[in-house]
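J.: pasting a predicted model and its sequence here:
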Amino acid sequence: MREALKKEMLYLLILMAISLLLFHYMFDLGNIKTENKSVFNVHDTYFVIFKLELLIVFILMFLYLIYSVRVLIQKFKNRVTVGIFSIISVFLILIFPTLLAFTKSLSVEPGITIYPPLSVPPQEKVEVMENIFNTIYPVLYCIYAFITVFGLFGIYKLGKHSRKQDT
């Protein structure tokens, strides 16, 4: 068991290093203390997000993808792998609602807006169309449901393995 734990921790550290390198090439990690913000332009709104927060979400998503494939290949037999997968799942379950709320805030409900207000003629109607975030939100919600169910199943299997070993 001790050797398997060492091997799994080394595997986890290597994966974290790979995800850090991928993040560096995708978002230009640079000096995280002096250049610690990323700016995203969506429509005419600028969003400033700390790179450390992006880094945490990116590493968790990367590790979740790798460990979910690994746990499925091993059929939930390796307790250490299932334990790490369960911890990653819990962190993602806690972080994902923030991503859902952010995506929901960017979505636009279709309709008609009248400019200027009704009390001042002449009135100009502006039709508001849906944007991409209206499509992304349900997809992210389904992904969140999948992560939750799959993570809870991993925790269930981990508990089942622990009970078998205790008896």
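T.: Happy to help now that I have it.
J.: every contact and neighbour count from this point should use C-alpha atoms.
T.: Noted.
J.: pull out the buried residues from the longest helix along the chain.
T.: The longest helix of the chain (DSSP state H) is helix 132-166. Of the residues in helix 132-166, 133-134, 137, 140, 144, 147-148, 150-151, 154-155, 157-158, 161 count as buried by neighbour count, 16 or more other CA atoms under 10 Å.
J.: let's have the residues you listed in JSON lines, adding distance to Ser105 and pLDDT.
T.: Formatted as JSON lines, the buried residues of helix 132-166 follow (distance: CA to CA, whole Å; pLDDT from 0 to 100):
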{"residue": "Phe133", "distance to Ser105": "9", "pLDDT": "81"}
{"residue": "Asn134", "distance to Ser105": "10", "pLDDT": "83"}
{"residue": "Tyr137", "distance to Ser105": "10", "pLDDT": "89"}
{"residue": "Leu140", "distance to Ser105": "13", "pLDDT": "93"}
{"residue": "Tyr144", "distance to Ser105": "17", "pLDDT": "95"}
{"residue": "Ile147", "distance to Ser105": "22", "pLDDT": "95"}
{"residue": "Thr148", "distance to Ser105": "22", "pLDDT": "95"}
{"residue": "Phe150", "distance to Ser105": "27", "pLDDT": "95"}
{"residue": "Gly151", "distance to Ser105": "27", "pLDDT": "94"}
{"residue": "Gly154", "distance to Ser105": "32", "pLDDT": "93"}
{"residue": "Ile155", "distance to Ser105": "32", "pLDDT": "93"}
{"residue": "Lys157", "distance to Ser105": "36", "pLDDT": "92"}
{"residue": "Leu158", "distance to Ser105": "37", "pLDDT": "90"}
{"residue": "His161", "distance to Ser105": "42", "pLDDT": "79"}
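J.: can you put those in a markdown table and add distance to Thr81?
T.: As requested, the buried residues of helix 132-166 are exported to a markdown table (distance: CA to CA, whole Å):
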| residue | distance to Thr81 |
| --- | --- |
| Phe133 | 35 |
| Asn134 | 36 |
| Tyr137 | 31 |
| Leu140 | 25 |
| Tyr144 | 21 |
| Ile147 | 16 |
| Thr148 | 17 |
| Phe150 | 14 |
| Gly151 | 12 |
| Gly154 | 10 |
| Ile155 | 11 |
| Lys157 | 11 |
| Leu158 | 10 |
| His161 | 12 |
